[in-house]
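[1] next comes the sequence, and after it the predicted model I'd like to discuss.
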Amino acid sequence: MLDRYFLRELAQTVAATAIVLLAIMAGTSFARVLQQVANGSFPASVMFQVLGLNMLDGLSTLLPLSAFLGVLNGLGRMYRESEMHVLASSGMGASGLLRPVSILAVTVAVLVGTVALWLGPWAARTSDQLVAAANRSVIAAGLDAGRFTPLPGKGGIIFVDELSRDGSTLGNTFIATERTGRDNVPHIKLVTGKHGQLYQETDGSGRFLALWDGYQYDIPLGADNWRKMKYERNDASLDNVQSDSDDEDPAHSMTLAQLLRTDNPDSRAEFAWRTIAPFMTLVLLTLALPLSRQSPREPRFGRLFLAILTFYFYYLLLAICRGQIIKGHWHHSFPMWVITAIVFAVAVRMFQNQYSPRKPRKAGA
C-alpha cells in the first residue's frame, strides 16, 4: 500500500517536473530552429519536425534531471509536512522508502537507456536526412514565387515568378550576387532566365541551378565597363543547406552497431556517453534520497539549490571525461565509471547514516 502511494506521488512530481523542463527546452529549441529557418538552414515546412526531433534527442539529459528534481521535491514535501516522520514512527524503515524509489529509478533508467542508445541517434539521423532532402530543393531557402528571397549561405538574392510543387523547377528567374573581382572592385552579377531546373551531382555533394534562354550581366561598381552576355544555358552553383549549429557531432547520429565497429576518439566518447546515461539516472535518484530529507523549519529551496549544484558538478565531471576521450588523451571510459561509482557510494553512505541507530548521549555529571 505504501509502495503504491509513494510511486503515485513521486511519479506525478517527476511528470510535472519533466513537463516544465520540456517546455523550457522547447522554447530554446524553437528559437534556435527559427533562427536557422531565417538563415536558410532549414525549410519552414520541416521546422516543427526538426524541433520535435531535437526535443526527442534531448530527452537523454532531460529525463535524469527531471527524475532527480521530481523525487527531491516529492520527498521534500513529505518531510516538510511531517508525513515521513509519521510513517517512520509507525514502523516504516529504510526499505519502505527504498522499494518504490528503486522501481521508479529502474523505470526511468530504462527510458533513458532507450533514448540514449536508440531513439536519440535515430532522431539525429532523421533530422540530418531532412536537411539533406532540403539540399535538393530551393524551397529550403524559403523561396516563394513572386518574392525576392536570400539564397542560403549569403549566396545572393533570387526571384521567380513560378515554382513547381517540389521546388525543383522554376519559371522566369532573376538572380543577383555580389563578388570582388581581380581588380579588387566589387562586381554585381545579374542572371536572368526564362526557366530553370535545380539538380545535384551524382554523389549528392553539389547543388546547381540551370537556367535557359536568358542574359548575364557583370556590373563593376563605380565603373562603366558593363558586360552583357546572352546564353542558351547557364549553370550556377548554390551553397548547400547545412545546419549552422557549432556543436555538431557526426558520431552522435551513428547507430550502436556503427559505434562498435568504428575505432576513433569521437565514437569512443559517444559510446561512453550513451552507456553511462542510464546509470547516471540510478545514481541521481539514489542521491535524491538523502538530499530530500529536511525539517519543517528548514528553508524550502535550500536543499534544492544544493541538489542542482551537485547535479551540475557531477554532470560537468562526466563532460570533462568525455572531452578528454574526444581529444584522444584517454582511450577508455574508465574514469567516467569511477566517478559514477564514487557518487553512488557517497549517496548510499549518506542514506545509511540517516537510518542508522543513533548512539545515546551520556548524561552529564
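    Yep, that arrived.

[2] make it CA atoms for all contacts and neighbour counts henceforth
    Fine.

[3] for the helix or strand encompassing Arg322, packing partners?
    Using DSSP states H and E, Arg322 maps to helix 302-326. Here helix 302-326 touches helix 59-80, helix 265-291, helix 334-355, going by 3 or more CA pairs under 8 Å, 6 or more residues apart in numbering; DSSP states H and E.

[4] reformat these as JSON lines; add mean neighbour count, mean pLDDT and distance to Leu309.
    Compiled in JSON lines, the helices and strands packed on helix 302-326 are given as follows (neighbours: other CA atoms under 10 Å; pLDDT from 0 to 100; distance: least, CA to CA, whole Å):
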{"stretch": "helix 59-80", "mean neighbour count": "23", "mean pLDDT": "88", "distance to Leu309": "12"}
{"stretch": "helix 265-291", "mean neighbour count": "23", "mean pLDDT": "92", "distance to Leu309": "12"}
{"stretch": "helix 334-355", "mean neighbour count": "15", "mean pLDDT": "89", "distance to Leu309": "14"}
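
[5] average pLDDT for the helix holding Arg322?
    Averaging pLDDT along helix 302-326 yields 89.

[6] wait, is Arg293 part of a helix?
    No - using DSSP: H, G, I helix; E, B strand; the rest coil, the secondary structure at Arg293 is coil, not a helix.

[7] on that earlier part again, buried residues in the helix holding Arg322?
    Within helix 302-326, the residues that count as buried by 16 or more other CA atoms under 10 Å are 303-304, 307, 310-311, 314, 317-319, 321-326.

[8] closest one of those residues to Leu284?
    Distance to Leu284 across the buried residues of helix 302-326 (CA to CA) is lowest for Phe311, with 7.6 Å.

[9] Leu209 versus the closest one, what's the distance?
    Remark: distance between Phe311 and Leu209 (CA to CA, to the nearest Å) = 51 Å.

[10] what of Ala11?
    Applying CA to CA to Ala11 and Leu209 gives a distance of 55 Å.

[11] could you do Leu22 as well?
    Distance from Leu22 to Leu209, counting by CA to CA: 41 Å.

[12] contacting residues for Gly181?
    His187 (CA atoms under 8 Å, 6 or more residues apart in numbering).

[13] what does the pLDDT read for it?
    Gly181 is given a pLDDT of 71.

[14] one more: Asp249?
    pLDDT, Asp249: 70.

[15] how many neighbours does it have?
    Close neighbours of Asp249, defined as other CA atoms under 10 Å, add up to 13.

[16] now stretch 190-209: buried residues?
    In stretch 190-209, counting by 16+ other CA under 10 Å, buried: 190-200, 207-209.

[17] please flag which of the residues you listed sit within strands.
    190-193, 195-200, 207-209 (DSSP state E).

[18] picking up where we left off before, save the helices and strands packed on helix 302-326 as TSV, and put in distance to Ala109 too.
    Formatted as TSV, the helices and strands packed on helix 302-326 follow (distance: least, CA to CA, whole Å):
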stretch	distance to Ala109
helix 59-80	8
helix 265-291	5
helix 334-355	14
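
[19] out of these, the one nearest Ala123 is which?
    Short answer: helix 59-80, nearest of the helices and strands packed on helix 302-326 by CA to CA, at 10.9 Å.

[20] ok, then the element right after the one helix or strand Ala11 maps to?
    Following DSSP H and E, one finds Ala11 within helix 2-38. Per DSSP H and E, the first helix or strand lying C-terminal to helix 2-38 is helix 47-57.

[21] what angle sits between that following helix and helix 2-38?
    Calculated by axes from the mean of the first three to the mean of the last three CA atoms, to 10 degrees, helix 47-57 forms an angle of 140 degrees with helix 2-38.

[22] now helix 47-57: mean pLDDT?
    87.

[23] return the set of buried residues in that helix.
    Per 16+ other CA under 10 Å, helix 47-57 contains these buried residues: 47, 50-57.

[24] next, the angle from it to helix 59-80.
    Using the same axes, to 10 degrees, one finds that helix 47-57 and helix 59-80 are set 60 degrees apart in direction.

[25] does the closest residue in space to Arg147 that isn't next to it in sequence sit in a helix, a strand or a coil?
    Excluding the flanking residues, the one nearest Arg147 by CA to CA, 6 or more residues apart in numbering is Phe159, at 6.0 Å. Here Phe159 is strand, with the state taken from three-state DSSP.

[26] count the neighbours of Phe159 for me.
    Using other CA under 10 Å, Phe159 has 22 other residues around it.

[27] test my guess that it contacts Phe174.
    Yes - using CA atoms under 8 Å, Phe159 is in contact with Phe174, at 5.0 Å.

[28] identify the contacts common to the two.
    Residues touching both Phe159 and Phe174 by CA under 8 Å, 6+ apart: none at all.

[29] brilliant, that's me finished.
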